Every structure is written in C-alpha cells, then in structure tokens.
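Q: Got a sequence here, can you build the structure:
(2 chains)
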Protein chains: 2
Amino acid sequence: MNEEKSKLDESRNQYEPKIPSILKNSFSRIVIKEGEKSASISDTEKIKEHFPRLYGMPFLEFIEGESNEEAEAKKVGVVLSGGQAPGGHNVIIGLFDGLRVIHPESQLYGFLGGPKGIFTEKYTQLSAGKIDSYRNTGGFDLIGSGRDKIETPEQLEASRAACAKLGLDALVIIGGDDSNTNAAVLAEYFLGTSQKTVVVGIPKTIDGDLRNERIEISFGFDTACKVYSELIGNICRDSASARKYWHFIKLMGRSASHVTLECALQNHPNIALIGEEVEEKNMTLQQIVEYVAGIVSKRAEAGKFFGVCLVPEGLIEFIPEIRKLISELNDILSEHDKYFRTIKLFSDQQEFVNQKLSRDSSYVFSTLPARIQQQLLYDRDSHGNVQVSKIETEKLIIEQVSELIAEWSAEGKINEKISEKFKTQSHFLGYEGRCSFPSNFDANYTYSLGRCAAVLIACGKTGYMASVTNLVSPAKQWQAGGVPLTSLMNMEVRKGREVPVIKKALVDIKGKPFQIFSEQRASWELEDKYVFPGAIQYFGPPEICDAPSKTIVLEREKPQSSGE
Amino acid sequence: MNEEKSKLDESRNQYEPKIPSILKNSFSRIVIKEGEKSASISDTEKIKEHFPRLYGMPFLEFIEGESNEEAEAKKVGVVLSGGQAPGGHNVIIGLFDGLRVIHPESQLYGFLGGPKGIFTEKYTQLSAGKIDSYRNTGGFDLIGSGRDKIETPEQLEASRAACAKLGLDALVIIGGDDSNTNAAVLAEYFLGTSQKTVVVGIPKTIDGDLRNERIEISFGFDTACKVYSELIGNICRDSASARKYWHFIKLMGRSASHVTLECALQNHPNIALIGEEVEEKNMTLQQIVEYVAGIVSKRAEAGKFFGVCLVPEGLIEFIPEIRKLISELNDILSEHDKYFRTIKLFSDQQEFVNQKLSRDSSYVFSTLPARIQQQLLYDRDSHGNVQVSKIETEKLIIEQVSELIAEWSAEGKINEKISEKFKTQSHFLGYEGRCSFPSNFDANYTYSLGRCAAVLIACGKTGYMASVTNLVSPAKQWQAGGVPLTSLMNMEVRKGREVPVIKKALVDIKGKPFQIFSEQRASWELEDKYVFPGAIQYFGPPEICDAPSKTIVLEREKPQSSGE
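A: Numbers count the residues shown, from 1 in each chain, chains lettered A, B, ... in the order given. The predicted structure is shown next:
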C-alpha cells in the first residue's frame, strides 16, 4: 500500500495490548467454570418463551486448569454493528489472534457494512497482512459498519444460509444493546434450525449504556469520554481566560447521560445537566432553564460573565412533559398525516395541533420557540415520528435562558448588565470522539474481549456476551468469561408491540458516580474548579496513560471504612 | 489552594522546556551581535515618519562571548493581548525565570485582563508560588487577556504613567499583529517622552499569520493545528467507517488560511479550500460550489457517499466578489443607516439595498440564500459594519452544494441518487484548540521566547520582537535574538485612514506548503488517503512528541539535489 501514515499511527500498530493472565495460557490450560444459572432482568416467563433454548444458561468464568476441550481450527465470521466506537478493530484483531492461538488454521471472515453484510453475503477473509496496520487504531473502516438489523424471517433465514454456506462455526456480533438483542435472536434461531454456528456478542457503545454488574462497561466509552474531556477542559480554560462567554456543550449519548456525567467528573464544569435526574425529579423545561439562569446570574453577580454547561444529547427526551408532548404529537401526526400535509400556514398547523393536544401538552408546546415547534412538526422520520435527535437542545437551552435572564433584568430582579453580558457559544461533541485511537484502556479491553470471544467459540458457547471484568485493576488481574445474553433482557414496547430487548443501563442517581457529582457540583457552580485532563496519552506514566474512566472506578471502589 | 488537578496537568508542571544552547549561558556570557539595519516591508518614508526613533534599528542575534552589559535587577511588566494561544503561560514563566537568572532580585508584574490592565493600573506581582502550577499549561488564565488597544493619546499617556509609577524597566506585550503594532507605538512614545521602559513584543496567534523570514512562526499555531488535526483525523475515520456523511469542518483563521493548509497537510482530507488561492484565482462563490459539488459527485459515482471538506473561517472574505459586496453594503448601510432602520419588511430591505448596489454586487447578493442576506443586513458591529465572522460559511457551502447537486440530479447530469444520498454534518473547530496544553514544541518555543525577551530587556533593547529561529532543528540548536518591530510594518487603511501596521502573513501560494498540497490534493479527492495524527503526545519518541508543524518544516527544508 505504501500510504502515508502518521508517526503515532505507526507506533500504535506496534503496541502490544495487555490481557488478563488467564488468556495468556494455552487453550489446553483454560477451563470454563460454570457459575449460577442466569435469569432475565424481569419478565422471566416471556423471555423464556422467546428464548426457549438459550434461557437460563449459566454465567461462565475462565479459570486455569486442564481443559477437556479439543483445540480445533474454527471458521468464524465477525460483524460491526451501529455507530463507531474506539477499539472496534482491536476486538476483531484480538479475535483473529485468539483463534490462531487456539489453532493456527482458524479462519476469520469480516462481514462488510454491518449486519446487512451477513444476509447479503458480503464478506472478506481477514489475513494478518490485512489487519496488521489496523492494530490499536480507531474507526470501523477495516470492514465498515451499518445500522441494519436482522429482523424479518427472511433475513434470519438468509443469515443462517450465509453462515451455513461459509461453514461458520461462529458469528461474533460487535454492537450495542439492539445488536446484542439481535445476536440472541440469531443464536436462538440457529439452535432451532440446528445450524451449528454459535453466536457471541461484544458490548460496544460510547454511550456506556450497555452494562451491568458483570459487563462493567461497553468499549469505546473510555476513549470517547477522554477525547471529549480533553476538549471540554480546553474550552473551560478558554472560558476562564477570555471571561466573556458561556459555552454550552452538547455531548453524544441520547438514551443515557453517562458521557455527560463522566465528563463532569473529569472536568468540573459549572453546570452539567443529567437526563436521569431531570426525569427522576420530574423537572419541566422551565425548571431546567431557571436552574441554569440562576447559576448564570449568580456568577455574573460575582463578576463572572462566563462558564461552561454540559448538556446530554438526549436531555429533551428525559423531560417528562416533553416526552408526553412528543408522544401525543406522534399520535396526532400519524393519525392525521394526510390532512396535516394540506395545511400550509405554520400558524394554522399550530392551531390544528393545539386543538388535538391534551391541555398540558398544548401548554408545553406553546412555550417552545417557533423554531423548535417547526422542528417537531416537520422533521419526521420514515415512520412519521418526530426526530428528537435533530432538535438542537443546547441552542434551545441557550435561547430560553437568554429570554429568562432578559426578563429578570427588565423586571429589576437582577442587574440589567447581566442580560447584556450573557454571550454564548455552542458546541456539539460527538463525531470528534467516536473514531479516536483507543486509549490504552480501550485498546487492552477490546483486544481482551476479542481473545475472550475466541475461547467462548472454541468451547462452542452460543448466546453469550464476552465478558472481561475487574477492569479497575491492572489488566493482568482482569477476569474473563461469558454472560448469557438473555440475562440482560426484559420486555419493552417497540413500534407498538412488546418484544424482548436488552435493557439500557441508565445513570443510577443513587449510584456512586452521580452521588459524588451531586455532592461536588455546588462548589463548581460559583468557583472555577475546572480540571484539565489534556489529550489521551499512550506512552507516559501508567497513572496518566492506563487509568480507566472515573465512572467505573467510582462504581467499583471498595467502600472505605469510616473508622479511625 | 489544594485544588484537584489532572495527572497530566501535574506532570506537565514538572516538564523542563528545552531552550537554545545560547540561553543556557549565564548573562555575562551572552553578547548581542548587531546585524544589518532593518527597513520596513514597504512605505519606508511613512513608517520612518511614524517611528522616527525606532526606525532602522539593526536585527539582533545572541552569541556566546564576554558581555559588557551589567546584570541588574529589572522590574518588568507583562501583558497578554487578544485571543488565547497555547503557550502564553510559558512565555511569562520563561520571562520570569530568565529575569531571575540575570538577577535574582528582578521582579515581574502581570497586567490583568489585557492591555486595558496597563492604563487602568490593574496588575499583580508574579511570584514563584503563583506561577509554578501554570508551567507548560494552556490558557491565559494566570493574568487574563483582553482585546482593548492602547490607542488614544490619553491611553498612551496613562500607560506611560502606569509604567513610571511602577518603575518598570520593561513592558512585554504578548500578542498578534495588532498588539505588536501597538507595542511599537508604545516604544516610540516612551522614547519620545523619555520614559525609561523598554517595550518588547512576542509573536502570538494560532492563526499563524504573524511571521516572516525571521519570525518563523507565531506561538500556538503548532498546538492548535495538532488539536484540530487530531479531531479532523477522527472525523475522517468516522466518515470512512460510516460511509454516509460528508463532514464540512470550519477551522479558525479569519485573515489567513494557514491553519486549514496545515491541517490539510496533516490529514489529507478530500477537499480543503484555501482562501488565498480563491483570491488569487479570482474565484466566485459559484465556482467554489461547483468545485466542491464536482468532487462530491465524482466520489458518489465511485460509490463513496462520504467525504471531508475543510473550510477556513475567513473564506468568504477572500472571495473577491463577496468582499466587494460587503464593502458596498458597509457603505450603503452606514450612509442610509437611519432610513434603513425604518424599513420593516425584509423584501423591502432587499429591494432598497439592491437599488444601491452596483450591478455586479446586486447579482451576487441575489444569489445568496435569504438567511445569509439577513445576516449581512442585520448583524452589524458597533461601527455599523457587516459582521462577516458571524456568517456560517460551512453551512453556506453545504446549502449551495446541496442545491447544485439537486439541480444536476434533476437535469440528469448526474445520477439522481447522488442528490438523495448527499447527507452532511458541519463542525467548527476553534475554541477546542486555543487553550490546549502546549505541545512540546510550543512549550519549548514559548519558554525560549520568554527567556529571549529577558535578555533583550537586560540589554535595554526597545521596539523589538523576541525572535527564536532555526525551529526545525532540535531546540538546543535554536538561535535567539530580536527583530525590530518596524521591520514587520507597512501602511494600511484602517477605519478610513492610513496607518502603520504589521503586515499579516498570508498563505503564499507559491510557497512550498501550498505547492505540496496542490500537487497532492487531486489524489486525495477520490481515493481515501486520510492520515490520522492522533492526540498530542508529550512522553513518547521525539519524532512523535517534538516534531514541529508541517508548514514550517516544508518552508525551511533545504532543497534536495535532484542528481543521482
């Protein structure tokens, strides 16, 4: 190829990921220990009905010992599903290396462009030559990714046929909650059709919402948060230097606010809004705006006409009254789609919608700026639903806060200079972090996940998610094993019907990370306690280069004895 | 203080910047060698008239030898002016350390909040205790910055009085072209009023447009470009992984496109627009749009519905026809300000303006989207001028390219799928990079500039810019000296009158960096030759951690012999 590479890229290709000690053993020295039988999170009977063959399998742990399993060459397919997350390549490469360790004649195929690549039989065989320049790199460009799902009976059967044709012993699906739900569906289907291919899932998402006690974190979260925190730190410092702008920074993470919470813990911004708290406290948009405007005013009174506020991408969907409004709008607009399209004037559209909305939602709708109202009415997806992700939440907050401060100024509640001097900048940090070179943590973790999956495959385990745990300790002390996919599931309503899905892990507002944030945030509001993490480092002291994210450290910390 | 700091922050505080060998000598072993007498870039007579005392001073170089200068304790003031740039703190700290090396009783005062801090006498004395936690950090928060200038006779006199009252032997002004012009004005004024304070300038700006043969680069450019290139690389990788978005990335740099050019050389995006080329080739907005749409279409025909396009913040001002339009609008709107304010309807405003514009400008105005027209008519600064910086250039390009592709699709010139599949994301990278921890290069360079300024001060040199050169070699081989501020000047019209100013250094489209870019860019358009520089590294191999920016390496490279 002889393409130009950066020096760091070349150097990262040479990095040797650290792995749990257990995975350093030859395959004949790894024994799978079966733990307790698993159950689903809830809806036991229904999940069991959907997964009669998979349901109730035990948790697995790898331990050292004399294995009875025979090391055989395996043919394996791997696919990347959904949005990019740092470390995806290393999962594939860990899997590749792991399969070779087990048997040198193992083969790995990469399905191209996401799950669609399976049922349309688009794939490439991966060789050492092909993968070596992707070691420890970001991106999913080795085989691409996609958002298609394997859903219809035809797609399921086509996927089975593809695996059968290729003679695959295993299929590894690297994805988020939906993709891993899909992995379970496939595993069950393969068992039911006597297709030999085992299916193993890998927990991926920068949002950090695919995890539980046994899946400590999804990969990519660590790196993405570190990239965002580097930039937020820079912006905090800029804000405190120029002393004239409030920066509102929207962060990726639609369904959960883990990214925002982690960045808040890393950066100590003046304000960080956490969707789960908004929901728990049943806050209205107006209350959020009052909270932010209050801090802006307090700081201004202390001569500080600057600050930083973090906003999770999904904030608006956590506001109960807005969620209700959106749900009603979806119903109204789909029921009256045809007629609604004939209404030309925006004011007539407003009127029509207002008549149909409930009294509460109509009030909420009327308090939104016209631009947002228009977004809600126009930008609908192919199912006719409001596209909440397109709403510029950070700009909505800015607008509303500006107006409230202007009101307070005009009414003499605060100094009128405060309104004049409230100048803002908005940012959205998302794509900037999804394809970074993985941090050492993510490089090690993803490579280990791939190695772990190889062992599960060699032992013929299906319907499992590869699991590497004890992540706050050094890598050699990490443990490896498998978590039954059905143990992550509950029943939820999707597109109008109840289906088994992996439950998203939201920020637990009783958990340690939120508690620490909530104890400290008052002192961040007025004082400037910004922390500047700087860029991800790969070569320096371990406390700088190898530290995992604050969230998992706080979650896994042993409670300290409070005695003397 | 006991504030929480990041591990990297702590570690950077311990980093010892590398300095030129000459500056490692004791002051008694540094001799100032006078080189040739300087002249201004042009307008010799007029510059001489404005700077009768400063004009024509020689270039200075520090060499080893027995110095006749006596090492005396000096009282020095320092001020940060204008936008943040990585390394500002290190200039101050290098100056602090340098003055102490010369005489342990030297004192350094920091003027607060920019040049206004001088004439309003807001300052703080800097001590080792105060500065140590700022070593090698980003931001200007140690003493703040500001955009005020010292312009009126009253401000000049108040500044002199402040320096006199504090008994300052020297004043160091860290700033961009305007601030260094201001430094020259102050130096001349102090000489004329027998005020003993010497004035030394330091070249700062991430835009990279303050430099020439003897000022190889302004500080901050290296770090900021590295931060932007990290993120652009991540976005390129995201684009090539998801294969569904065109990312349009606007980069800071209003007056020159150095940042965009440097990032293009580092990242190899599919498209990078360079303002200076647009101007040189007298391109119209329509031509730029056709160029971009052409590449979008070509890639789409090759199945690539994705790409990355870099857009310099100041692009629009480089388009000759738009500059003409803006200039006419400024004239019209200031002449008819009162009447114009009475016109309420936008369509009437359009009509009024169109009647007054020249035929060409009227045509150009009419081709702009209404949103941009409104921005041009409404968003005016306190002088009544159009605020070009508020125009969202990247979004303007996206809109126009979308429209043109839709037109081509509809007319069958290109496949109609191309228009459907043209999906975009826009980004603006600016604040994310101005306050980063400086790269090793910038940490070394800025500290050396501070040390260099200390020597100029100890030798009583006024009206000079500290100069550290030979920057593509290892730091110990760097040279240090002084460049007369007037040698950077020419006459330009500002606010209607001709004044002496430091000339901005634009991208030289005959220079090596642009030439290399222009030779390679065709191969970046269709193929994906993205380079991923990754995050700034501080601890690894020198070729990763200490390399200066591509721009100065290419500019300073010795021409290679072409023989065998």
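
Q: Just the element for A:Pro500, please.
A: Counting by DSSP states H and E, the element that carries A:Pro500 is strand A:497-502.

Q: Paired strands for that strand, with orientation please.
A: strand A:489-494 (antiparallel) (DSSP bridges).

Q: Pull the residues that contact the partner strand.
A: A:40-43, A:46-47, A:181, A:184, A:498-503 (CB atoms under 8 Å, 6 or more residues apart in numbering or on different chains). C-betas here are computed from N, CA, C, even on glycine.

Q: Among those residues, name the buried ones.
A: For the contacts of strand A:489-494, a burial check counting by 16 or more other CB atoms under 10 Å in any protein chain shown picks out A:40, A:43, A:46-47, A:181, A:184, A:500-503.

Q: and the nearest residue to A:Gln349 once chain neighbours are set aside, how many neighbours?
A: Nearest residue to A:Gln349 in three dimensions, chain neighbours excluded: A:Ile343, at 5.0 Å (CB to CB, 6 or more residues apart in numbering or on different chains). Neighbour count for A:Ile343, taken as other CB atoms under 10 Å in any protein chain shown: 16.

Q: cool, and A:Ser426?
A: For A:Ser426, the neighbour count with other CB under 10 Å is 18.

Q: from the middle of its chain, how far away would the helix or strand encompassing it be?
A: Secondary structure assignment for A:Ser426, by DSSP H and E: strand A:424-429. Strand A:424-429 sits 21 Å away from the centroid of its parent chain (CA atoms, centre = their mean, to the nearest Å).

Q: Repeat that for stretch A:427-441.
A: Computed by CA atoms, centre = their mean, the chain-centroid distance of stretch A:427-441 equals 12 Å.

Q: Need the distance between the two termini of that stretch.
A: Terminal residues of stretch A:427-441 are spaced 27 Å apart (CA to CA, to the nearest Å).

Q: State which helix of chain A is the longest.
A: helix A:221-242 (DSSP state H).

Q: next SSE after that one?
A: Heading C-terminal from helix A:221-242, the first helix or strand you meet, by DSSP H and E, is strand A:246-251.

Q: Show residues contacting that following strand.
A: If you take CB under 8 Å, 6+ apart as the criterion, strand A:246-251 is touched by A:228, A:232, A:235-236, A:238-239, A:259-260, A:263, A:269, A:296, A:305-313, A:392-395, A:397-398, A:422-430, B:431.

Q: where in the stretch 151-300 of chain A is pLDDT low?
A: For the stretch 151-300 of chain A, no stretch has pLDDT under 70.

Q: how about the strands in it?
A: For the stretch 151-300 of chain A, applying DSSP state E, counting those that start in this stretch gives strands covering A:170-175, A:198-203, A:246-251, A:271-272.

Q: still on that earlier bit, the very next helix or strand once past the strand holding A:Pro500 and chain B, are they touching?
A: For strand A:497-502, the following helix or strand on the C-terminal side (DSSP H and E) is helix A:512-526. No. No part of helix A:512-526 sits near chain B under the criterion CB under 8 Å from any CB of the partner chain; the closest distance found is 9.3 Å.

Q: so who does A:Ala184 touch?
A: Per CB under 8 Å, 6+ apart, neighbours of A:Ala184: A:51, A:54, A:199, A:201, A:463, A:485-486, A:489, A:500, A:502.

Q: One more: A:His50?
A: A:His50 is in contact with A:188, A:500, counting by CB under 8 Å, 6+ apart.

Q: give me phi/psi at it?
A: When read as degrees, to the nearest 10, the backbone of A:His50 gives phi -70, psi -30.

Q: Do I have it right that A:Ser159 meets A:Ile150?
A: Yes. A:Ser159 is within contact range of A:Ile150, at 5.2 Å (criterion: CB atoms under 8 Å).

Q: okay, and the common contacts of the two?
A: In terms of CB under 8 Å, 6+ apart, A:Ser159 and A:Ile150 are both contacted by the residues A:115, A:118-119, A:186.

Q: distance from the centroid: which residue in chain A tops it?
A: Computed with CA atoms, centre = their mean, the residue of chain A farthest from its C-alpha average is A:Gly412, at 44.3 Å.

Q: Near the nearest residue to A:Arg29 once chain neighbours are set aside, how many other residues are there?
A: Nearest non-adjacent residue to A:Arg29, counting by CB to CB, 6+ apart: A:Glu64, 5.8 Å away. Using other CB under 10 Å, A:Glu64 has 12 neighbouring residues.

Q: Equivalent analysis for A:Cys435, please.
A: So A:Cys435, with other CB under 10 Å, has 32 neighbours.

Q: Could you do A:Ser6 as well?
A: 19.

Q: what's the answer for A:Leu345, then?
A: That count, for A:Leu345 with other CB under 10 Å as the rule, works out to 8.

Q: Relative to chain B, which of the shared contacts of A:Ser159 and A:Ile150 is nearest.
A: Nearest to chain B among the shared contacts of A:Ser159 and A:Ile150 is A:Pro115, at 14.4 Å by CB to the nearest CB.

Q: hang on, that closest one packs against A:Ser81?
A: Yes. A:Pro115 is within contact range of A:Ser81, at 5.4 Å (criterion: CB under 8 Å).

Q: in the stretch 1-150 of chain A, which segments are predicted with low confidence?
A: Applying pLDDT under 70 to the stretch 1-150 of chain A flags the ranges A:1-2.

Q: What segments of it are strands?
A: Along the stretch 1-150 of chain A, the segments classed as strands by DSSP E, counting those that start in this stretch run A:30-37, A:58-64, A:75-80, A:107-111, A:123-126.

Q: again, but for the stretch 301-450 of chain A
A: Remark: strands assigned in the stretch 301-450 of chain A by DSSP E, counting those that start in this stretch are A:307-312, A:424-429.
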